[in-house]
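J.: Predicted structure and sequence below. I'll ask about it afterward.
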Amino acid sequence: MLPNAQPRTSKAGHEVGQVPADMGLLCEEAATLKGVSRLSARLLIMNKYQITTANKKAVLVNSALSLFKEKGFVDVSVKEIAAHARVSQVSLYNYFGSKEALVAECAAIVMGGTLQKAADILAEDIDFAEKINRALSLCTGEFAIAISNYFTQEALSDPVLVQLLFKNINHRKRKIYSDYVELGKREGAIDSTIPTDTILDFIDALGAMGGTTGFDAAPAKIKHIYQLLLYGLLGEHKA
């Protein structure tokens, strides 16, 4: 600019070549909106992918359960499950890794309602001894009913299916029992010097005594086993 020369201004009153402050803000907002739009588009694509994946997994689990409950584990192939679900075998392996993993998902369906009931009992305002008594009875009796309702006798004659179900159900029961043990320790009902894992191992061992599969024990035998668990041979422990 020449000495003493006045800067030229536009009709809007801005110096020529200068971007108005409000225009700069508009440009920033436009760029931000463009970035948000791109992010929203990516999130939308991701959400659609996640929904599609979740739907395919659900269809595979339901198909596996339908076949397992009629034919057992050994007589059902991965190819058959995939065909029933109208999904490729590659997708099945990508989502679950193995046929055995599908049994774990089926076990979660079978026992889901019972575990929720056990969690509800844990939250009730009642004596701890009553809580754990009800939980132990629930987690044995109702599982046996659920298994017999879901699976045919033909399916349950397959020892591989029964052992896989037993293993996965015990794994999930162990988590809820752990919550009960920790509560019992906090309330002084369970000796806090005994490691929780040791107590859980003991419960598992007693559960296995209930029957060859854990699902077929007589109610009286289950009651006596859990009485031994809670009170031992000599009754309640006295210091």
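T.: Yep, it's here. Numbering: from 1, shown residues only.

J.: Gln50 is in what secondary structure piece?
T.: Using DSSP states H and E, Gln50 maps to helix 21-71.

J.: check contacts around Leu228.
T.: Counting by CB atoms under 8 Å, 6 or more residues apart in numbering, Leu228 makes contact with Leu206. (C-beta placed from N, C-alpha, C; glycine too.)

J.: Show me where the protein has its helices.
T.: For the chain, applying DSSP state H gives helices covering 21-71, 78-85, 89-96, 99-123, 128-150, 153-156, 159-186, 196-209, 219-231.

J.: Compile those into JSON lines and extend it with columns for mean pLDDT.
T.: Output for those, formatted as JSON lines (pLDDT from 0 to 100):
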{"stretch": "helix 21-71", "mean pLDDT": "73"}
{"stretch": "helix 78-85", "mean pLDDT": "95"}
{"stretch": "helix 89-96", "mean pLDDT": "94"}
{"stretch": "helix 99-123", "mean pLDDT": "90"}
{"stretch": "helix 128-150", "mean pLDDT": "81"}
{"stretch": "helix 153-156", "mean pLDDT": "91"}
{"stretch": "helix 159-186", "mean pLDDT": "90"}
{"stretch": "helix 196-209", "mean pLDDT": "82"}
{"stretch": "helix 219-231", "mean pLDDT": "70"}
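
J.: Give me the domain ranges for this structure.
T.: Following automatic domain parsing, one gets these domains for the chain: 24-95, 99-231.

J.: which one of these is the most hemmed in?
T.: Each of these was scored by mean neighbour count; the highest is domain 99-231, a mean of 16, by mean count of other CB atoms under 10 Å.

J.: now Tyr231: how far from Leu200?
T.: Relative to Leu200, Tyr231 is positioned 18 Å away (CB to CB, to the nearest Å).

J.: An error on my part: the question was meant for Asn149.
T.: For Asn149, the distance to Leu200 - CB to CB - is 27 Å.

J.: List the contacts of the closest residue in space to Asp158 that isn't next to it in sequence.
T.: Nearest non-adjacent residue to Asp158, counting by CB to CB, 6 or more residues apart in numbering: Gly72, 2.9 Å away. Taking CB under 8 Å, 6+ apart, we find Gly72 in contact with 154-158, 160-161.

J.: repeat that for 10 Å
T.: Going by CB atoms under 10 Å, 6 or more residues apart in numbering, Gly72 touches 151-152, 154-162.

J.: Next: Leu92.
T.: Shown in contact with Leu92 (CB under 10 Å, 6+ apart): 56-57, 60, 63-64, 78-79, 81-82, 85, 98-99, 101-102.

J.: can I get those residues in TSV with distance to Leu115?
T.: Below are those laid out as TSV (distance: CB to CB, whole Å):
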residue	distance to Leu115
Lys56	25
Lys57	20
Leu60	22
Ser63	23
Ala64	20
Val78	28
Lys79	32
Ile81	25
Ala82	29
Ala85	26
Ser98	24
Lys99	24
Ala101	19
Leu102	19
